[in-house]
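[1] need coordinates for the following:
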Amino acid sequence: MDEVSLNTEPAGDDDADEFEIEGDCAMTDFISQTGIIQGENPLPPVVGMEFDSYEDVYYFYNCYAKQQGFGVRVSNTWYRKSKERYRGKLSCSSAGFKKKSEANRPRPETRTGCPAMIKFRLMDSNRWRVIEVELEHNHLISPASGKFYKSHKSVGVGTKRALQLDTAEEVQKIRLFRTVIIDSEGNGSIDVDEGESGNRVDYSNQLKLKEGDAQAVQNYFSRLQLMDPNFFYVVDLNEKGCLRNLFWADARTRVAYSYFCDIVAIDATCLENKFEVPLVSFIGVNHHGQSVLLGCGLLASETVESYTWLFRAWLTCILGRPPQAIITSQCRTLQTAISDVFPRASHCLCLSHIMQKFPENLGGLFEYEAIKESFSRAVYYSLRVEEFEAAWEDMVQRHGIRDHKWLQALFDDRKRWVPVYLKDIFLAGMSPVQPSEVVSSYFKEFLHKDTPLKEFLDKYDQALQTHHRLEALADLDSRNSSYMLKSGCYFELQLSKVYTNDILRKFESEVEGMYSCFSTSQLNPDGPVITHIVKEQTEVDGNRREVRDYEVLYNPSEMEVLCICGMFNLRGYLCRHALSVLNQNGVEEIPAQYVLSRWRKDIERNYIFDHSCSGIDINNPVHRYDHLYKCIVQVVEEGRKSQDRYKVAFGALDEILNKLCLTEDPAL
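    Take a look at the predicted model:
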């Protein structure tokens, strides 16, 4: 296998002149020639991966299977009439069932009808693309069992085909992730090709790099990979060998995703606004409600192909586990790419971004201020779908803006950005639901429109350290300080024991808001689900107050409560109306399903990347380095938590260093 590509050609329809063969004898010959499957492959197969040959797909899947602890079988191979293979299916060796035998003592059934498999086909580019993947098995698999499968057959290391690198780490970093910026012969530079005098360069197909930018990228990534063995990056080169797209993520970023993978915002502001650095960043929210970086990319252009490549690179980095919901700007290109790569994720549009675009698109209208007020009222204060649509209709009719293209596009996309449509999607507070809320960029203080790439790379570490320091301080504040409760409500006391202080402060406003709720009445009280009408006096338009009715559904037997305002999904904690109903019904504690683990302060979150590994080769200096590095990072993570732990860790490391200095090593 030469490399894994993340290109974006769509898979075509099957040809008419074809036939199918179950199994493939040629693959057996290939195994006997290629021999041992060595090393570890930390990546699962992902739709969109491409390979140079049919055999390379098999070799890749077999490496993955050996690491996971299952065997591989060629289930089907499709041939054209010219006897050219054009499609294949590889399955777990436990797929299907054996044919019934009429022998007196038939062999016991060992297959389980396992569904795990990959399908792949030959593209017009003469490369083989994975088009369908099923990773789940219906039986236990264990890489530690040591069970031998025929597909892992070996005939000696010397015959190992194509895989010329010795270590699992090198396979991971160079072969699977395609991380070489400059080719092995040194003539595939990613520097901008200025060409001959008078020749113009087509920048739409490559990054606009200035002198020294390519070397800065290479130096920066090389340094990070030495410091962080699990640093991940992928480059996309155009047909001339120039850098077109780039993605990277460090180990801490990759581990952070495992904790905060439910909701992700894709910030393409720099690319859309033509910044000097065309940055696209993946942003999540941590247990304090702070922004957390989940990956970065540089793109040559705002095309479906570029975004699709970036999303597939990120999906590979996070081991094929997409988020539940994704927030982006109002961009058709982004929407198309997301629907292709993340078809099951809920795709929302950032309301804060839409409000920022409001003056640009409507600022020239005569009744601009009145239109903005009507727009905000419809969006932020509607509790029901019909209420929003009636308010919108009144706005466009009264101001004569029914045919405004931008507003019409917004209305067509209303189910992606208006809060009243998003109540069933968990957004963890990443989408604003009040006019005063604004979502800021992760790199806002470190990246401006004219910031050069080399300067951004210098500031990138500073930005990460700033955010890491804020999280560490918030951790310390939540674990060590006694939180001063503002009310005598037991709900607040309950969450103060488990939630971080930042989330608790936000929840406090809901506890305080309980006292502005009154006249809680019941409808159909005899049914399993009781409907409560909670009245609240709320502030509208900044200077006017009105009484509003909030419908709250309560199921006493299941301890479930659901308010029409949708606060729990939108922000991640119960609203004042739901708390009022619980309080009225004598419920002393918030039910367990409404106490989310993602906000808890008592969960240990160590940002150490740990992919499964079966041991190291102590004769290999790369293995020794990686293993020691991971151990030291664990010591650092534990030592930073308190002064006492710091003293113990520092003393132990100092003692180890003294012992190493006294050790005589003839190899040095």
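[2] can you pull out the strands in the stretch 401-550 of the chain?
    With strands called from DSSP state E, counting those that start in this stretch, the stretch 401-550 of the chain shows them at 517-523, 530-540, 544-555.
[3] so what strands line up beside the second one?
    Applying DSSP bridges, strand 530-540 is found paired with strand 517-523 (antiparallel), strand 544-555 (antiparallel).
[4] just the CA atoms of stretch 383-398, as PDB, please.
    Extracted in PDB, the C-alpha atoms of stretch 383-398 (Å, rounded to 0.1, in the frame of the first residue of the first chain):
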ATOM      1  CA  LEU A 383     -42.100  29.200  21.700                       C
ATOM      2  CA  ARG A 384     -44.000  27.300  19.000                       C
ATOM      3  CA  VAL A 385     -43.300  26.800  15.200                       C
ATOM      4  CA  GLU A 386     -46.600  28.400  14.200                       C
ATOM      5  CA  GLU A 387     -45.800  31.400  16.400                       C
ATOM      6  CA  PHE A 388     -42.500  31.900  14.600                       C
ATOM      7  CA  GLU A 389     -44.000  31.500  11.100                       C
ATOM      8  CA  ALA A 390     -46.800  33.900  11.900                       C
ATOM      9  CA  ALA A 391     -44.400  36.500  13.200                       C
ATOM     10  CA  TRP A 392     -42.100  36.100  10.100                       C
ATOM     11  CA  GLU A 393     -45.100  36.500   7.800                       C
ATOM     12  CA  ASP A 394     -46.100  39.600   9.600                       C
ATOM     13  CA  MET A 395     -42.600  41.000   9.300                       C
ATOM     14  CA  VAL A 396     -42.100  40.400   5.500                       C
ATOM     15  CA  GLN A 397     -45.600  41.700   4.700                       C
ATOM     16  CA  ARG A 398     -45.500  44.800   6.900                       C
END
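[5] so which bits of it are buried?
    Of the residues in stretch 383-398, Leu383, Phe388, Glu389, Ala391, Trp392, Met395, Val396 count as buried by neighbour count, 16 or more other Cβ atoms under 10 Å. Every C-beta, even on glycine, is put in place using the N, C-alpha and C of the backbone.
[6] my read: the last one touches Arg402, true?
    Spelled out, it's Val396. Yes - under the criterion of Cβ atoms under 8 Å, Val396 makes contact with Arg402 at 4.4 Å.
[7] tell me the mean pLDDT over stretch 445-465?
    Stretch 445-465 carries an average pLDDT of 92.
[8] rewinding a little: nearest to Lys659 among the buried residues of stretch 383-398?
    Leu383 (68.0 Å; Cβ to Cβ).
[9] what about the longest helix in the chain?
    For the chain, the helix with the greatest residue count under DSSP state H is helix 453-480.
[10] for that one, packing partners?
    For helix 453-480, the elements it packs on are helix 213-227, strand 291-299, helix 501-513, judged by 3 or more Cβ pairs under 8 Å, 6 or more residues apart in numbering; DSSP states H and E.
[11] just put the ones you listed in CSV and tack on distance to Pro525.
    Putting the helices and strands packed on helix 453-480 into CSV (distance: least, Cβ to Cβ, whole Å) gives the following:
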stretch, distance to Pro525
helix 213-227, 62
strand 291-299, 44
helix 501-513, 25
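[12] ranking these by burial, who's on top?
    strand 291-299 (a mean of 24; mean count of other Cβ atoms under 10 Å).
[13] which strands or helices does that strand pack on?
    Partner elements for strand 291-299 (3+ Cβ pairs under 8 Å, 6+ apart): strand 243-249, helix 251-259, strand 279-285, helix 304-317, helix 453-480.
[14] right, I'll call it a day here.
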